[in-house]
Each structure stands twice: as C-alpha cells, then as structure tokens.
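>>> Dropping the sequence and predicted coords here.
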Amino acid sequence: GAGVSQSPRYKVAKRGQDVALRCDPISGHVSLFWYQQALGQGPEFLTYFQNEAQLDKSGLPSDRFFAERPEGSVSTLKIQRTQQEDSAVYLCASSPTLGDIQYFGAGTRLSVL
Amino acid sequence: DQQVKQNSPSLSVQEGRISILNCDYTNSMFDYFLWYKKYPAEGPTFLISISSIKDKNEDGRFTVFLNKSAKHLSLHIVPSQPGDSAVYFCAAKTQGAQKLVFGQGTRLTINP
C-alpha cells in the first residue's frame, strides 16, 4: 500500500511569504505527526493529531506556525511570514493508533531566501 | 537541552564486521526507545525498538541493548552489509506521550 505522501517535495520561499505543506497519511491511520529537521540534526517534534483533534502543539516554534487536519485525514502545516530560520525539512508521520510505530514521509525541504 | 545524544556523527565499518551505534539519554522518564534508518531523500524508516522493561531485543541482524542505569542504548548490526549504509537515528518517548525525541544521527558507511 501507499506510504505517507508529502507535497511539495521542495519549496523555495522569499522571506515574508506564507507557505502550506501537505501531508497525506497512510489510509486509516488515526495519528498524524509533524516534525522539523534542521540540517545535520535529528527531527524535532512540532505537533500531533488524533483524527481531527490537535492534541499537542507544544513544539510549534511560534504563532506563525499553524497545523490543521479538518477531516481527520490530510493535514496541512502552514507557516506565515516565513523567515530564514524556518529553512528545514518538514517531516510528516502517521501511525495506526496512538502509541504505535510512526511511519514517515520523505519530507518537504523548505528553503527561505 | 539535548535529551537524546548520539555522540558519533559518523562510523565506518568493513563489510561483514559488526557495526555498533551508540546513544545516550538524560531523561529518566523515557521508557521506550527506537532506532530509525534514513537513506538520502527518503523519510526515516523504523528499524527496531525496545521497552525499558527489557535489556535486549533482537530482530535478525539487528540487536538493541538497553542499559538503564547508564542511560545508554546501542544498536548492533552483524554482519554489516553495504545496504546498511545510511544515517541512523536513536529516538525515545515517555509513557503516555506520543512525541518522539530524536538524537542527531550517526552516518554509517559500510565499506566493501
């Protein structure tokens, strides 16, 4: 079956632009996670959903970051007024239920110029 | 505050020999540990995990050892194969929490 799909794979934004990153989880997976991976570092947690409910957003670095999963399937991570420090790979993961293994997508590489 | 640390950025091992990747953690509340493997341009792929109630878990060529008193875990790969060349991430979570806390990763290169 299909894995976690993320789009776009690459995004270049000018500083100050808004961007939207999409994640299609594995069909039927209840939990969805977003992580940010800076160059040379491990992924860092941003937020997670159980179905459409956002249960933890403690990792979002500022109020410029917003995530949603309105129908409990596809999720979008939105970054407003992008800044250079937002440049990173944004990884999405899904799991069948809470506590299960997380399956990752290939990520979206965001470059803010 | 790096709660999970992989102090070796890279490791080079000859094909057929044992690869040992190390990970240290500081949060004594961590009770579940995972290893992920990542190829370039792909997302991390789950490899093996261990609960804090165990000190060893084995899956084929991969074995993870957990030393709770030392807050240390290691991943052993034997025998190492060229396809094992990748970046390996150690990750941990606390009971009841869902987020994973990752180390910085170790790039493993298997030489023919």
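Sure, I can see it.
>>> how long is stretch A:22-39 end to end?
21 Å (CA to CA, to the nearest Å).
>>> Ok, stretch B:93-111 next?
33 Å.
>>> chain center to that stretch, what's the gap?
Counting by CA atoms, centre = their mean, to the nearest Å, stretch B:93-111 is centred 6 Å from the centre of its parent chain.
>>> what does stretch B:101-112 give?
Computed by CA atoms, centre = their mean, the chain-centroid distance of stretch B:101-112 equals 9 Å.
>>> start to end distance for that stretch?
Taking CA to CA, stretch B:101-112 runs 33 Å from one end to the other.
>>> so who does residue A:22 touch?
Residue A:22 makes contact with A:6-8, A:74-76, according to CB atoms under 8 Å, 6 or more residues apart in numbering or on different chains. Quick note: C-beta positions are derived from backbone N, CA and C, even for glycine.
>>> Residue A:33 now?
Here residue A:33 is in contact with A:45-49, A:92-95, A:102, B:98-100 (CB under 8 Å, 6+ apart).
>>> which one in the residues you listed is the model shakiest on?
Within those, the minimum per-residue pLDDT falls on residue B:98 (89).
>>> Quick check: residues of chain B near chain A?
B:4, B:6, B:34, B:36, B:41-46, B:49, B:89, B:91, B:98-105 (CB under 8 Å from any CB of the partner chain).
>>> Would you mind writing the PyMOL command to select the buried ones in these?
One line in PyMOL is enough to select the buried ones among these; burial here means 16 or more other CB atoms under 10 Å in any protein chain shown:
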select buried, chain B and resi 4+6+34+36+43+44+49+89+91+98+99+100+101+102+103+104+105
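>>> Flag the shaky bits of chain A, pLDDT-wise.
Flagging of chain A using pLDDT under 70 yields the residue ranges A:1.
>>> Name only those of the contacts of residue A:22 that count as buried.
Here, 16+ other CB under 10 Å leaves A:6, A:75 buried among these.
>>> Whichever strand or helix holds residue B:49 - what's its average pLDDT?
Element membership for residue B:49, per DSSP states H and E: strand B:45-51. The average pLDDT within strand B:45-51 is 96.
>>> beta partners of the residue nearest the centre of chain A?
Centrality entry for chain A: nearest residue to the mean C-alpha point is residue A:34, 3.6 Å, by CA atoms, centre = their mean. Under the criterion DSSP bridges, residue A:34 forms beta bridges with residue A:47, residue A:92.
>>> same question, residue B:25
Going by DSSP bridges, residue B:25 forms beta bridges with residue B:4.
>>> I'd guessed it sits against residue B:68; true?
No - the pair residue B:25 and residue B:68 does not pass the contact test of CB atoms under 8 Å, sitting 9.9 Å apart.
>>> more neighbours, the two?
Neighbour totals were compared for residue B:25 and residue B:68, and residue B:25 leads with 22 against 15 (other CB atoms under 10 Å in any protein chain shown).
>>> Can you give the distance of stretch A:80-99 from its chain's centre?
Distance of stretch A:80-99 from the chain centroid (CA atoms, centre = their mean) equals 3 Å.
>>> got the buried residues for it?
By neighbour count on 16+ other CB under 10 Å, the buried set for stretch A:80-99 is A:82, A:86-95.
>>> do stretch A:32-52 as well
A:32-37, A:42-50.
>>> got the residue ranges for the strands in the chain?
Here I'm looking at chain A. According to DSSP state E, chain A carries its strands in the segments A:5-7, A:10-13, A:19-24, A:31-37, A:44-50, A:53-56, A:65-68, A:75-79, A:88-95, A:103-104, A:108-112.
>>> let's do chain B instead
B:4-5, B:10-14, B:19-25, B:30-38, B:45-51, B:56-59, B:62-67, B:72-77, B:86-94, B:101-102, B:106-111.
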